[in-house]
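Visitor: missing the sequence, but the structure's below:
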Ligand SMILES: NC(=O)c1ccc[n+]([C@@H]2O[C@H](COP(=O)([O-])OP(=O)(O)OC[C@H]3O[C@@H](n4cnc5c(N)ncnc54)[C@H](O)[C@@H]3O)[C@@H](O)[C@H]2O)c1
């Protein structure tokens with residue numbers, strides 16, 4: 001049975017075939033070609049099977065987001081399949097899963113590699129979405145330091161004194177800072193490399209979203225997360241489908257005037273912190 005006779009299809013590349021990423025892709029993938037990249041072969045097999053049996057056209061590639069050459073090969077593979085219309089990056093690790101160096105390499109440097117590599121292959125009118133986090137709003141980086149970060153190439157980010165001295169203190173700090181830097185990476189790309197290709201790029205910053213990654217966080221620091229969620233206006237965790245709803249909007253044509261910015265989707269956690277309704281324990 002041939003499900004789709006169209007040969008020339010727009011390409012959606014997803015780096016990090018996890019919960020939120022696959023939920024976003026499902027919203028926009030009909031009639032398009034999906035390229036999934038992930039470090040886990042098991043994950044790739046499972047997710048591509050689910051996509052295939054839901055009627056989607058899918059290919060996979062093992063990618064390590066920590067390695068520049070691997071991410072570049074992924075972007076080239078995407079371009080070889082057709083016009084790269086959408087790029088979504090959700091490859092990440094959370095504070096209780098690993099150490100500060102790994103978080104910074106993956107969530108900050110790895111994201112930078114991906115934004116740089118896809119900034120060379122995006123089709124005109126294309127759009128990118130990077131999954132940051134509400135934690136990107138929890139530690140305000142001084143203005144001068146942000147300027148320094150904006151002027152530093154991806155390969156040199158780990159050498160910055162601010163990263164070595166402040167971000168490396170513990171995994172929580174590393175995560176907050178990496179996720180704020182995602183906002184800056186997207187801002188810079190939107191104004192430079194992605195602009196040159198007439199493509200848009202944004203971040204979303206999810207709050208507490210129930211996924212396997214979040215389960216690891218709850219197991220290690222459940223009480224803190226519970227208090228944070230209870231203090232929020234929504235008084236509940238979010239779902240990957242709610243992030244996908246916003247992601248589909250930001251990637252779609254109705255968001256044609258939105259680039260270089262972030263959408264916070266946190267059920268009101270940051271509002272509770274900023275107004276003193278919830279005191280953050282760092
Ligand atoms: N779940 C939450 O509450 C939450 C909240 C805010 C932000 N986030 C962020 O959202 C993103 C996605 O999270 P999720 O909850 O969907 O998690 P998930 O664990 O379902 O997805 C993450 C994916 O990244 C892949 N990955 C990990 N290391 C990789 C590497 N080196 N190379 C390639 N792929 C790699 C994993 O195999 C996994 O498929 C992460 O960046 C996370 O930090 C999550």
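Guide: Cool, the structure landed. Only a predicted model underlies this, so the values are computations on that prediction, with no experimental measurement involved.
Visitor: pretty sure residue 19 is in contact with residue 212, am I right?
Guide: Yes. With contact defined as C-beta atoms under 8 Å, residue 19 counts as touching residue 212 (6.6 Å). Yep, even glycine has a C-beta here, placed from its N, CA and C like the rest.
Visitor: between those two, who's got more neighbours?
Guide: Neighbour totals were compared for residue 19 and residue 212, and residue 19 leads with 21 against 8 (other C-beta atoms under 10 Å).
Visitor: can you tell me the helix or strand for residue 241?
Guide: helix 240-251 (DSSP states H and E).
Visitor: residues from the stretch 1-150 of the chain in reach of the ligand?
Guide: For the stretch 1-150 of the chain, the residues in contact with the ligand (C-beta under 6 Å from any ligand atom) are 16-20, 38-40, 43, 63-66, 90-94, 106-107, 131, 133.
Visitor: and for the helix holding residue 241, what are the contacting residues?
Guide: Identification of contacts with helix 240-251 by C-beta atoms under 8 Å, 6 or more residues apart in numbering yields 19-20, 22-24, 26-28, 86, 88, 127-129, 131, 202, 204, 206, 209-211, 255, 258, 263, 265.
Visitor: repeat that for 6 Å
Guide: 19-20, 23-24, 27-28, 86, 127, 129, 202, 204, 206, 255, 263, 265 (C-beta atoms under 6 Å, 6 or more residues apart in numbering).
Visitor: hmm, which two among the residues you listed are most spread apart?
Guide: Across the contacts of helix 240-251, the longest distance by C-beta to C-beta is 22.4 Å; it joins 19 and 255.
Visitor: that older thread, what is the nearest of the contacts of helix 240-251 to residue 11?
Guide: Using C-beta to C-beta, residue 86 comes nearest to residue 11 of the contacts of helix 240-251, at 7.6 Å.
Visitor: Paired strands for the helix or strand containing the closest one, with orientation please.
Guide: Assigned by DSSP H and E, residue 86 falls within strand 84-89. The strands beside strand 84-89 in its sheet (DSSP bridges) come out as strand 11-15 (parallel), strand 122-131 (parallel).
Visitor: now it against helix 240-251, angle please.
Guide: For strand 84-89 against helix 240-251, the angle by axes from the mean of the first three to the mean of the last three C-alpha atoms, to 10 degrees is 140 degrees.
Visitor: Return the distance of strand 84-89 from the chain's centre.
Guide: 11 Å (C-alpha atoms, centre = their mean, to the nearest Å).
Visitor: Isn't residue 130 up against residue 202?
Guide: No. Counting by C-beta atoms under 6 Å, residue 130 stays clear of residue 202, with 7.5 Å between them.
Visitor: Going by residue numbers, what spans are helices in the stretch 151-282 of the chain?
Guide: Along the stretch 151-282 of the chain, counting by DSSP state H, counting those that start in this stretch, helices occupy 161-165, 171-191, 193-196, 212-231, 240-251, 269-274.
Visitor: Buried residues in the last one, which are they?
Guide: Translated: helix 269-274. For helix 269-274, burial by neighbour count (16 or more other C-beta atoms under 10 Å) applies to 269, 270, 271, 272, 273.
Visitor: what's across from residue 37 in the sheet?
Guide: Beta-bridge partners for residue 37, by DSSP bridges, are residue 15, residue 61.
Visitor: State the distance from it to residue 28.
Guide: 17 Å (C-beta to C-beta, to the nearest Å).
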